[in-house]
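Visitor: Provided below for reference: sequence and predicted model.
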Amino acid sequence: MVHMKIESLNEYQTLSRRTWSLIHCDHAITYPTLGLVNEAGEVAGKVKKIFRDKGGVISADDREALKHELGDVMWYLAQIATELDVTLEEVASANITKLFDRLERGKIKGDGDTR
């Protein structure tokens, strides 16, 4: 691997563009996937502020706000599942099966999808 020294952020921006290509994403799964990430970020932001501003104490208002954000996450998840022609029950069942398999094999912690 060649080590490249970057002299400025503008140089990085110019050089990085050589590795870029336009990827057309005109597909029904694109919007709900971006929405899911956005809403998950909103959940994370609210949790961050609970720890930053409130010492980790979750108030009734915080709980209600998080409930609404989690509902938004669920909506986008449902749309993605629908586009993939899978049910939320199939997703949940596959997930719990995977997790219990890992638990039984002592692999609940660690990295990697196939652990």
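Guide: Done, it's in.
Visitor: in what helix or strand does residue 108 lie?
Guide: Following DSSP states H and E, one finds residue 108 outside all helices and strands.
Visitor: Could I get the contacting residues of it?
Guide: Going by Cβ atoms under 8 Å, 6 or more residues apart in numbering, residue 108 touches 99, 102. In short, each C-beta sits where N, CA and C put it, glycine included.
Visitor: any idea how far residue 53 is from it?
Guide: 32 Å (Cβ to Cβ, to the nearest Å).
Visitor: Repeat that for residue 105.
Guide: Relative to residue 53, and taking Cβ to Cβ, residue 105 is found at 40 Å.
Visitor: Restricting to C-alpha, output the helix or strand encompassing residue 89 in CSV.
Guide: Using DSSP H and E, residue 89 maps to helix 88-104. This file holds the C-alpha atoms of helix 88-104, laid out as CSV (Å, rounded to 0.1, in the frame of the first residue of the first chain):
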residue,chain,number,x,y,z
LEU,A,88,-41.8,-8.1,10.2
GLU,A,89,-42.6,-11.4,11.9
GLU,A,90,-40.1,-13.2,9.5
VAL,A,91,-37.5,-10.5,10.3
ALA,A,92,-38.1,-10.9,14.1
SER,A,93,-38.1,-14.7,14.0
ALA,A,94,-34.9,-14.8,12.0
ASN,A,95,-33.3,-12.4,14.4
ILE,A,96,-34.3,-14.2,17.6
THR,A,97,-33.2,-17.5,16.0
LYS,A,98,-29.8,-16.0,15.2
LEU,A,99,-29.4,-14.5,18.6
PHE,A,100,-30.3,-17.7,20.5
ASP,A,101,-28.0,-19.7,18.3
ARG,A,102,-25.2,-17.3,19.2
LEU,A,103,-26.2,-17.5,22.9
GLU,A,104,-26.1,-21.3,22.9
